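Visitor: structure, please.
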Amino acid sequence: MGKLRALIFDVDGTLANTERDGHRVAFNRAFASSGLNWNWSVLLYGELLAIAGGKERIRFFIDEYRPDFEYPTDLDQFIADLHATKTRYYQQLVAEGCIPLRRGVKRLLKEAREQGMRLAIATTAALPNVTALLDHTLGSDSQSWFEVIAAGDIVPAKKPAPDVYHYVLKAMNLEAQDCLVFEDSHHGLLASSQAGLKTVVTVNTYTRYQNFSGALLVLNHLGEPDQPFTVFAGNAGDRIYLDMALAYHLHGK
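Guide: Numbering: from 1, shown residues only. Below you'll find the model as predicted:
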């Protein structure tokens, strides 16, 4: 058994509840500004989240939900431009303070840094979205907290493929047994598990009822001393929030 040397975090749904009130809203604003009569409801967006990646999600929506859509000459460029517009709207929402961090995230990151724990990010989210969220929720120096920020198209195959986790491990010169991962979705857990990584899951509105068998612990959030978490699966003992002591305990199982 390796010693815990690094914490690796997903972003969307894990660091912050970005999906429903961030990305979905930004997609709809991008559609409207591009003259498209598309609107992704809360329910529909939950279904579209089965497709990893924003550009991939747009393509899937066109293929499955808009068979009447007249394809532009260069569909790839059309989707790329539309996604770039969406990214700008998303960053505006973040800058306006519309997407706060999830409960317990800032506390755990601060404690990990104080203890010299190495940190990394592994996400399918676009890099500009990740850095905007970090800057506006944790401060302008927060990107430097993370030794590796693996985001967007840095690997060809997105989650549930394990590629982004393999990338992070290689970049940090670590083995899977040295790390603990934080995810929020079934796809994320599949990706981390296939890379041999132990994983804690904090569910959200969209992922609450997904299959998380194999996770060390499944929680509603990381908790705070005065706002305890709820354990859906696994054993947190008498702990009411996830701190570094619990992280070490979970990793040692």
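
Visitor: can you give the distance of stretch 191-209 from its chain's centre?
Guide: In terms of Cα atoms, centre = their mean, to the nearest Å, the centre of stretch 191-209 is found 10 Å from the chain centre.

Visitor: repeat that for stretch 141-149.
Guide: 15 Å.

Visitor: enumerate the positions of that stretch that are buried.
Guide: Ser142, Trp145, Phe146, Val148, Ile149 (16 or more other Cβ atoms under 10 Å). C-betas here are computed from N, CA, C, even on glycine.

Visitor: contacts for that stretch?
Guide: Residues outside stretch 141-149 that contact it (Cβ atoms under 8 Å, 6 or more residues apart in numbering) are 6, 109, 113, 118-121, 127, 130-131, 134-135, 138, 167-168, 171-172.

Visitor: tell me how far the ends of that stretch are from each other?
Guide: Distance between the boundary residues of stretch 141-149 (Cα to Cα, to the nearest Å) amounts to 14 Å.

Visitor: and if you look at stretch 167-181?
Guide: 14 Å.

Visitor: so which of the contacts of stretch 141-149 belong to strands?
Guide: The members of the contacts of stretch 141-149 that map onto strands under DSSP state E are Ala6, Arg118, Leu119, Ala120, Ile121.

Visitor: top of those residues by number of neighbours, please.
Guide: Ile121 (25 neighbours; other Cβ atoms under 10 Å).

Visitor: my read: that one touches Leu7, true?
Guide: No: if you go by Cβ atoms under 8 Å, Ile121 and Leu7 don't touch, sitting 10.0 Å apart.

Visitor: can you point out the buried residues in stretch 235-248?
Guide: Ala236, Arg239, Ile240, Tyr241, Leu242, Asp243, Leu246, Ala247.

Visitor: then stretch 26-45?
Guide: Ala26, Phe27, Asn28, Arg29, Ala30, Phe31, Trp38, Trp40, Tyr45.

Visitor: same question for stretch 219-239.
Guide: Leu219, Asn220, His221, Leu222, Gly223, Glu224, Phe229, Val231, Phe232, Ala236, Arg239.

Visitor: hmm, back to that, save the buried residues of stretch 26-45 as JSON lines, and put in pLDDT and secondary structure too.
Guide: Output for those, formatted as JSON lines (pLDDT from 0 to 100; DSSP: H, G, I helix; E, B strand; the rest coil):
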{"residue": "Ala26", "pLDDT": "96", "secondary structure": "helix"}
{"residue": "Phe27", "pLDDT": "97", "secondary structure": "helix"}
{"residue": "Asn28", "pLDDT": "97", "secondary structure": "helix"}
{"residue": "Arg29", "pLDDT": "97", "secondary structure": "helix"}
{"residue": "Ala30", "pLDDT": "98", "secondary structure": "helix"}
{"residue": "Phe31", "pLDDT": "97", "secondary structure": "helix"}
{"residue": "Trp38", "pLDDT": "96", "secondary structure": "coil"}
{"residue": "Trp40", "pLDDT": "97", "secondary structure": "coil"}
{"residue": "Tyr45", "pLDDT": "95", "secondary structure": "helix"}
